[in-house]
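# can't give you the sequence, but here's the structure:
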């Protein structure tokens, strides 16, 4: 894997203007906008799986929708393969970045058979000739672990895991360079999550895909990704290689997420680091570091200084003014974290 960015965002924001009557219920300040994204900097390297993690409401799905083109940012820059992405995207640029959604059933047309869904895409984007559509559709289904007889069936005839396989087949049918996977296993039974994760790894290897895998479960991404980006309240607060994130987290929020992973033995749990409370309202973002109301390491400086995402070691970025002072975290054994999923 090279370090060549195939997708890059810089200073991306997404603000939603809402009525005064609504914002007054959530904020004591002068109402204005909901800050879904508030200056996001991130890059996806060619041929890698990058995990984007954080609690619900942190802005992960909003960023995913901006990257795939279904939502426009309020401001900021987006680059695909070194070229700026501006305005409406044409058919070819849309083809190159595909999305796999959280709920496979709602993302599939219940009135179309699987074969018709694939046929429509293959012909629209001129992937193969008309006479080759069926053979190509069978090949796609085989790649995701389904058989030819699925072509004539409808989404309602499949299980949740099978529907997600169909959704993945549909996404790779147009031969994209990038997959944006937005919580693709969170709506599935634990018993089938592992097989879908293995499928993503296999497809990344076979097709050379670059994958942004959005998740809230660090135990999942530890086994899937090469790098991890941690998002909190509309911003990226830490980025590093997966092994580095788990052995040496340099942001208190990342540390709290790792400590929250269930362990197989009581002595492996660091009970001294507990993440209390809910994230602040995006209508009323705290001054200074936005994590300071929940951070056990917060000082007066943290309440006045809004830290930038800066390099603290080669390939390791953190948005914490006390990054170098955080205690070292004992390495989380992979087997322990995965066993809590009950499926790997």
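That came through fine. Keep in mind that this is a model prediction, so the values were computed, not measured.
# Please list all residues in contact with the closest residue to residue 298 other than its chain neighbours.
Closest residue to residue 298 in three dimensions, ignoring its sequence neighbours and counting by C-beta to C-beta, 6 or more residues apart in numbering: residue 292, at 4.2 Å. Using the backbone N, CA and C atoms, a C-beta is placed for each residue, glycine as well. Going by C-beta atoms under 8 Å, 6 or more residues apart in numbering, residue 292 touches 286, 298, 302, 303.
# Buried subset of those residues, written for ChimeraX?
In ChimeraX, a selection of the buried entries from those looks like this (16 or more other C-beta atoms under 10 Å):
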select :286,298,302
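# and stretch 222-241, what's its mean pLDDT?
Averaging pLDDT along stretch 222-241 gives 95.
# How about stretch 112-129, which residues are buried there?
For stretch 112-129, burial by neighbour count (16+ other C-beta under 10 Å) applies to 113, 114, 115, 117, 118, 119, 121, 122, 127, 128.
# which other residues reach the helix or strand in which the third one is found?
Residue 115 belongs to helix 114-124 when assigned by DSSP states H and E. By C-beta under 8 Å, 6+ apart, the surrounding residues in contact with helix 114-124 are 91, 108-109, 112, 127-128, 130, 133-134, 136-137, 140-141, 150-155, 166, 169-170, 173-174.
# do stretch 182-191 as well
Taking C-beta under 8 Å, 6+ apart as the rule, stretch 182-191 contacts 60-61, 64, 99-104, 160-161, 164, 167-168, 193, 196-197, 200, 213-217, 220, 341-343.
# And the helix or strand where residue 99 lies, what does it pack against?
For residue 99, the host element (DSSP H and E) is strand 97-100. With contacts defined as 3 or more C-beta pairs under 8 Å, 6 or more residues apart in numbering; DSSP states H and E, the packing partners of strand 97-100 are helix 60-68, helix 160-172, strand 178-182.
# repeat that with 10 Å
helix 60-68, helix 160-172, strand 178-182, strand 210-215 (3 or more C-beta pairs under 10 Å, 6 or more residues apart in numbering; DSSP states H and E).
# partners of that strand, with directions?
strand 178-182 (parallel) (DSSP bridges).
# what's the angle from the partner strand to helix 60-68?
160 degrees (axes from the mean of the first three to the mean of the last three C-alpha atoms, to 10 degrees).
# Below-threshold pLDDT in the stretch 101-250 of the chain: ranges please.
Counting by pLDDT under 70, the stretch 101-250 of the chain shows no low-confidence range.
# mind listing the strands for it?
178-182, 210-215, 227-232, 235-241 (DSSP state E, counting those that start in this stretch).
# Format these as JSON lines; extra columns: mean neighbour count.
JSON lines is the format used below for the strands of the stretch 101-250 of the chain (neighbours: other C-beta atoms under 10 Å):
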{"stretch": "strand 178-182", "mean neighbour count": "25"}
{"stretch": "strand 210-215", "mean neighbour count": "24"}
{"stretch": "strand 227-232", "mean neighbour count": "26"}
{"stretch": "strand 235-241", "mean neighbour count": "24"}
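# Figure out which of these is closest to residue 77.
strand 235-241 (14.9 Å; C-beta to C-beta).
# Check the offset of the closest one from the chain's centre.
12 Å (C-alpha atoms, centre = their mean, to the nearest Å).
# for that strand, packing partners?
strand 33-45, strand 49-53, strand 227-232, helix 242-247, helix 252-259, strand 310-313, strand 316-318.
# Hey, what's the angle from that strand to strand 49-53? Just curious.
140 degrees.
# what about residue 12, how many neighbours?
23 (other C-beta atoms under 10 Å).
# From residue 185, how far out is residue 34?
Going from residue 34 to residue 185 by C-beta to C-beta, to the nearest Å gives 28 Å.
# so what's residue 43 up against?
3-10, 50, 79, 227, 229, 239 (C-beta atoms under 10 Å, 6 or more residues apart in numbering).
# Just the buried ones among the residues you listed, please.
5, 6, 7, 8, 9, 50, 227, 229, 239.
# which residues sit in contact with the last one?
Yep, that's residue 239 we're talking about. By C-beta under 10 Å, 6+ apart, the residues touching residue 239 are 41-43, 50, 52, 227-231, 245, 251, 254, 309, 311, 315-319.
# what about residue 311, distance to residue 41?
12 Å.
# Spell out which residues are contacts of both of these two.
In contact with both residue 311 and residue 41: 239, 317, using C-beta under 10 Å, 6+ apart.
# So between those two, which is more surrounded?
residue 41 (19 against 10).
# Do I have it right that that one meets residue 10?
Yes. Judged on C-beta atoms under 10 Å, residue 41 makes contact with residue 10 at a distance of 5.4 Å.
# Spit out the residues that contact the two alike.
Residues touching both residue 41 and residue 10 (C-beta under 10 Å, 6+ apart): 76, 77.
# follow-up on the earlier one: export the helices and strands packed on strand 97-100 to JSON lines and tack on distance to residue 261?
Converted to JSON lines, those look like this (distance: least, C-beta to C-beta, whole Å):
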{"stretch": "helix 60-68", "distance to residue 261": "18"}
{"stretch": "helix 160-172", "distance to residue 261": "24"}
{"stretch": "strand 178-182", "distance to residue 261": "20"}
{"stretch": "strand 210-215", "distance to residue 261": "13"}
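# out of these, nearest to residue 281?
Residue 281 sits nearest to helix 60-68 of all the helices and strands packed on strand 97-100, at 15.5 Å, using C-beta to C-beta.
# Brilliant, that's me finished.
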